[in-house]
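Asker: turn this into a model:
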Amino acid sequence: MEGGGRIHASATLGRYLARRLVQVGARHVFAVAGDFNLILLDYLVADPDLTLVGCCNELNAGYAADGYARAAGVGACAVTFTVGGLSVINAIAGAYSEDLPVICLVGGPNSNDYGTNRILHHTIGLPDFSQELRCFQTVTCFQAVVNNLEDAHELIDTAISTALKESKPVYISVSCNLPGIPHPTFCTDPVPYFLAPKVSNQMGLEAAVEATAKFLNKVTKPILVIGPKLRVAKAQKAFMELANASGYPVAVMPSGKGLVPENHPQFIGTYWGVISSNFCGEIVESADAYLFAGPVFNDYSSVGYSLLVKKERAVIVKPDRVTVGNGPSFGYVFMADFLSALAKKIKRNSTALENYRRIFVPHSVPVTRESNEPLRVNILIKHIQGMLSGDTAVIAETGDSWFNCQKLRLPEHCGFEFQMQYGSIGWSVGATLGYAQAAKNKRVIACIGDGSFQVTAQDVSTMIRYEQQSIIFLMNNGGYTTEVEIHDGPYNIIKNWNYTAVVDAVHNGEGRCWTSKVRTEEELLDAIETATGEHKDSLCFIEVLLHKHDTSKELLEWGSRLSAANSRPPNPQ
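Answerer: Coordinates of the predicted model:
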């Protein structure tokens, strides 16, 4: 409000929403324009601290917001009503599964159309505008339909703050005729959020720490295992306090990779049942007690439910709950508080770590290859390892890249992301776009299969347009290799593309982009040297031609066990 009760002309819904996004850290919005969201996009473009990134389709815009949230802590996308919303919803569901706060903005119908019997375009042809909302209710933690100015500020604030508090996506629909209208509830500079910190129940915290310390201090060879929920609990620092105090070996579940430093002397690798890092699985499964911090035990992470982990030996630490063995369970105890307090009560015990060091044999080196021999995946991963530093981040696409990239030993501060819970093929193209836009200080190295790339290839265009310098390794082995190992059939064969020519056509001489097609180790080394040297400021796309049966041994094992889990016969009635 200005003096005399006048409403300042800039106190509009559109400007208010833009300032809120900037305040919480979503300084880029990944968007696809449509007639219902155009005025809203005008206000997002007008904010000097906000960049609107135009994407080729809504699915990629959602994946980009997912990738951006992984690097920046929160992401945002903007689409049009129903045709855009239902197109982006798959990416929003993936963000929900991975506990990522993504703000999904939708340009909605004119406010005058609500409550009428009108049929609008972009809908399914019924005078009911709630279809999109109902679809989003299951994949977001809050939904706001803003179709009047009186409560718009409250709905927007509640939605965004809920996304941050719950670390889940939210849905905000804004009627297309409202963004430009001033209203007294919109101050020109919104008061910054204050999100009350989550504080544990003190009695519950003390009881949980006492029970866990008693449980762990009496065993012989306990260990620590990190799961993906460590991130949403913001408990990485507290976990390392516990690791340093306890002396226990530290393993990560596959989807927890990258959450703690892998150069730590107690780090022993990835625990993934029978496809664990060398000697890691044996140490975990032979332990007489294990503390899992933020685990997710699904059929993927359990390799078809085949983990040899016993509940009575496990302390399961969820973001807000601790369960010791078969009981007791302590609620409203937050992970960071708990791990930090436990570090002060735990007895140092390095028995399991010493056992690991006794049996450990260094990683094998790929067998010597002949000159000009066709390139093998293990050779490729060996050379990607040499590219990693604290100034890089790895994004691994759903598929064999999951297993191959698990073998990378991450230097300190090297990022690592993949989407294991949802496992949507094509995720990595948009995620690479979003992550690189947020993490300007890192060069993204993305490993993407040919089948996955065909799903979302278009937004390489957006990477070039926004002058990104990622390096994409396109693994061309002629099909859906992961699915071949689960259950083969003609549907796993895809049309082969000339992938470098596709990217060259998208580049079209505008912006900086360099492509290369490699068949041998010599050609790969030349391509890496060029990508990290002469073309270090370009988007680099390296197509790696591989044999269709050149897979990791982990995929072969995982695929057969998942196939067995999927094909279990019905239980007898």
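Asker: neighbours of Val309, how many?
Answerer: Using other C-beta atoms under 10 Å, Val309 has 17 other residues around it. (C-beta placed from N, C-alpha, C; glycine too.)
Asker: so how far is Ser302 from it?
Answerer: Relative to Ser302, Val309 is positioned 9 Å away (criterion: C-beta to C-beta, to the nearest Å).
Asker: for Leu545, same thing?
Answerer: Distance, Leu545 to Ser302, by C-beta to C-beta: 34 Å.
Asker: pull up the distance across stretch 355-365, start to finish.
Answerer: The straight-line separation of the ends of stretch 355-365 (C-alpha to C-alpha, to the nearest Å) is 23 Å.
Asker: that one: how far from the chain's middle?
Answerer: 31 Å (C-alpha atoms, centre = their mean, to the nearest Å).
Asker: cool, stretch 131-138 as well?
Answerer: Distance of stretch 131-138 from the chain centroid (C-alpha atoms, centre = their mean) equals 22 Å.
Asker: let's have the chain start at 867 instead
Answerer: Understood, numbering begins at 867; the last thing we discussed is stretch 997-1004.
Asker: residues of stretch 902-910 that come out buried?
Answerer: Residues of stretch 902-910 classed as buried by neighbour count (16 or more other C-beta atoms under 10 Å): Phe902, Asn903, Ile905, Leu906, Leu907, Tyr909, Leu910.
Asker: so, low pLDDT: which residues of the protein?
Answerer: Residue ranges of the chain with pLDDT under 70: 867-873, 1054, 1230, 1345-1358, 1415-1416, 1418-1428.
Asker: not counting residues beside it along the chain, what's closest to Phe1158?
Answerer: Using C-beta to C-beta, 6 or more residues apart in numbering and skipping residues adjacent in sequence, the residue nearest Phe1158 is Val1091, 4.8 Å away.
Asker: each with direction, which strands does the helix or strand hosting that neighbour pair with?
Answerer: Val1091 is part of strand 1089-1092, with elements assigned from DSSP states H and E. Strand pairing for strand 1089-1092, using DSSP bridges, gives strand 1116-1118 (parallel), strand 1156-1159 (parallel).
Asker: return it as PDB; C-alpha atoms alone will do.
Answerer: C-alpha atoms of strand 1089-1092 as PDB (Å, rounded to 0.1, in the frame of the first residue of the first chain):
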ATOM      1  CA  ILE A1089      28.400 -50.800  10.500                       C
ATOM      2  CA  LEU A1090      26.600 -47.600   9.100                       C
ATOM      3  CA  VAL A1091      24.600 -47.500   5.800                       C
ATOM      4  CA  ILE A1092      23.400 -44.400   4.100                       C
END
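Asker: where's that strand relative to the chain centroid, distance-wise?
Answerer: Distance, stretch centre to chain centre, for strand 1089-1092: 21 Å (C-alpha atoms, centre = their mean).
Asker: C-terminal to that strand, what's the next element?
Answerer: Past strand 1089-1092, the next helix or strand by DSSP H and E is helix 1095-1098.
Asker: wasn't Trp1380 part of a strand?
Answerer: Yes - residue state for Trp1380 (DSSP: H, G, I helix; E, B strand; the rest coil) corresponds to a strand.
Asker: which strand residues bridge it?
Answerer: With DSSP bridges as the rule, Trp1380 is bridged to Cys1406.
Asker: tell me which residues touch it, please.
Answerer: Counting by C-beta atoms under 8 Å, 6 or more residues apart in numbering, Trp1380 touches Thr1396, Ala1397, His1401, Ser1404, Leu1405, Cys1406, Phe1407.
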